[in-house]
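1. fold the stuff below for me.
(one chain, ligands or ions: 2)
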Amino acid sequence: MPVDSHRSFDSGRSADPAPPADSQPAGFEPADFNRRVIEEFRAGRGRVGGPFEGARLLLLTTTGARSGAAHTVPLGYLPDLDGRVLVIASAGGAPADPAWFRNLVANPRVTVESGLFTYEADAVVLDGPERDAAFARAVESDPGWAAYEAKSGRTLPVVVLVPVPGPPAVDGGPGGHLLAVHDVFRRELELIRKEVAASGAALGAQLRVNCLSLCQGLSNHHTGEDTLLFPPLERDNPDLAEVMPVLREEHERIKALMDALGSVLAAPSPDPAALLPEVERLTAELEAHLDREEEALIPVLNALPAEPQG
Ligand SMILES: [Fe+2]
Ligand SMILES: [Fe+2]
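-> Ligands and ions are numbered 1, 2, ... in the order given. Next comes the predicted model:
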């Protein structure tokens, strides 16, 4: 059997795990299952229905350790800070590490598809206390990871995917890029709102990271707009004179809302009941801002001359 044909769907959804190998119906073809999920993921720009509805999924492409061929699998992931994400090599609780993990140990440069962006990343296998802390966070957010680890008899490897600096690939030029970035925030806020609403008395450590990661990304995005995107657009498009101060003011208000959210998160035991209204205020303000910004800027961005090639 070639090394890349090992079943390797790691959903991380304990409520709806992929069926274990010994309980699969006759005719179940893991490669077919993964292929269908990959097709649905790409067609839906990262949205997948059925048991994975609302899950954080990505497509990871590794290079076959022996074959050298590209090997793509859908994986559940957990947000981390600084634009990184974590994946766990559970193989659904199978005793052997999944092929994708063996591949990235041999060749850490991987390609990640988020549904909205495609980017190169370097895979770093965590070890020691760092691995244990990340895995504990995953287990707290979904006990299915602990069940997979117990069943596998392995210490499940935790891998952080570190984006390689440089712009990610996205269709649609600068207008398409802005839309994709905005959709990342829309989707992540929607997930976080549901997670906070479903939280019990205590806020989980992973959910705290999800919130901090979102605020970090949003803050970077707005700094980039204020300093790099807006000034030349304003200079070259007098028609934008009215809307630009409004967009800047909205950035300020969103920053204040993120600061308020950060204050709740900074408490020793953040209270989900106190966090939910902050997340809802941020969602409402941000959605209005993203819509206004797209309406004003996307036609201008789409009319920019294409970057010279080569
Ligand atoms: Fe903005
Ligand atoms: Fe924006």
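2. which residues touch the residue lying farthest from the centre of the chain?
-> Relative to the centre of the chain, the most outlying C-alpha is that of residue 238, 36.6 Å out, by C-alpha atoms, centre = their mean. By C-beta atoms under 8 Å, 6 or more residues apart in numbering, no residues touch residue 238. From N, CA and C alone the C-beta is placed, and that goes for glycine too.
3. what does the pLDDT read for it?
-> Here the pLDDT value assigned to residue 238 is 95.
4. go on, residue 253?
-> Looking at residue 253, its pLDDT reads 97.
5. I'd say it and residue 288 touch.
-> No. Taking C-beta atoms under 8 Å as the definition, residue 253 is not a contact partner of residue 288, at 9.9 Å.
6. sticking with residue 110, tell me its helix or strand.
-> Per DSSP states H and E: residue 110 is located in strand 109-113.
7. over to residue 102?
-> Assigned by DSSP H and E, residue 102 falls in helix 99-106.
8. can you tell me which helices and strands that helix packs against?
-> strand 57-63, strand 70-76, strand 118-125 (3 or more C-beta pairs under 8 Å, 6 or more residues apart in numbering; DSSP states H and E).
9. for these, which one sits closest to ligand 1?
-> Across these, ligand 1 has its closest neighbour in strand 118-125 (21.3 Å, C-beta to the ion).
10. which parts of that closest one are buried?
-> 119, 120, 121, 123 (16 or more other C-beta atoms under 10 Å).
11. next: stretch 128-135.
-> Here stretch 128-135 shows 131, 134, 135 as buried, counting by 16+ other C-beta under 10 Å.
12. before we move on, what about stretch 237-246?
-> 237, 240, 243, 244.
13. same deal with stretch 275-284?
-> For stretch 275-284, burial by neighbour count (16+ other C-beta under 10 Å) applies to 275, 278, 279, 281, 282, 283.
14. helix or strand: which one has the residue nearest to residue 302 when sequence neighbours are not counted?
-> Distances taken as C-beta to C-beta, 6 or more residues apart in numbering place residue 175 nearest to residue 302, at 4.1 Å, with adjacent residues excluded. For residue 175, the element it lies in under DSSP H and E is helix 173-198.
15. that helix close to ligand 1?
-> No. Judged by C-beta under 5 Å from the ion, helix 173-198 makes no contact with ligand 1; its nearest approach is 8.3 Å.
16. tell me the pLDDT of residue 22.
-> 34.
17. I misspoke; the intended subject was residue 10.
-> 49.
18. please apply the same query to the one 3 residues further on.
-> For residue 13, the pLDDT comes out at 37.
19. quick one, longest helix in the protein?
-> helix 272-302 (DSSP state H).
20. so what's the nearest residue to residue 105 once chain neighbours are set aside up against?
-> Nearest residue to residue 105, sequence neighbours excluded (C-beta to C-beta, 6+ apart): residue 125, at 6.7 Å. Contact analysis of residue 125 by C-beta under 8 Å, 6+ apart lists 104, 105, 131, 157, 158, 159.
21. CA-only coordinates of the worst-scoring helix or strand of the chain on mean pLDDT in CSV, if you can.
-> When each helix and strand of the chain is scored by mean pLDDT, DSSP states H and E, helix 30-43 comes last, with a mean of 89. Presented in CSV, the C-alpha positions along helix 30-43 are these (Å, rounded to 0.1, in the frame of the first residue of the first chain):
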residue,chain,number,x,y,z
PRO,A,30,-12.1,6.3,3.0
ALA,A,31,-10.4,7.7,0.0
ASP,A,32,-13.8,8.3,-1.6
PHE,A,33,-15.1,9.8,1.6
ASN,A,34,-12.2,12.3,1.8
ARG,A,35,-12.5,13.1,-1.9
ARG,A,36,-16.2,14.0,-1.6
VAL,A,37,-15.4,16.2,1.5
ILE,A,38,-12.6,17.9,-0.5
GLU,A,39,-14.8,18.5,-3.5
GLU,A,40,-17.6,19.9,-1.3
PHE,A,41,-15.1,22.1,0.7
ARG,A,42,-13.7,23.6,-2.5
ALA,A,43,-17.1,24.1,-4.2
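22. list the buried residues of it.
-> Buried residues in helix 30-43, counted by 16+ other C-beta under 10 Å: 30, 33, 34, 37, 38, 40, 41.
23. before we move on, what about stretch 187-197?
-> 187, 188, 189, 191, 192, 193, 195, 196.
24. pull the distance from it to the chain's centre.
-> On the basis of C-alpha atoms, centre = their mean, to the nearest Å, stretch 187-197 sits 13 Å off its chain's mean C-alpha point.
25. neighbours of residue 69, just the number please.
-> Neighbour count of residue 69, defined by other C-beta atoms under 10 Å: 12.
26. swap in residue 93?
-> Residues lying near residue 93 (other C-beta under 10 Å) number 21.
27. so it sits right up against residue 146, yeah?
-> No. Between residue 93 and residue 146 there is no contact under C-beta under 8 Å: 10.4 Å.
28. how is this protein carved up into domains?
-> 3-163, 173-302 (automatic domain parsing).
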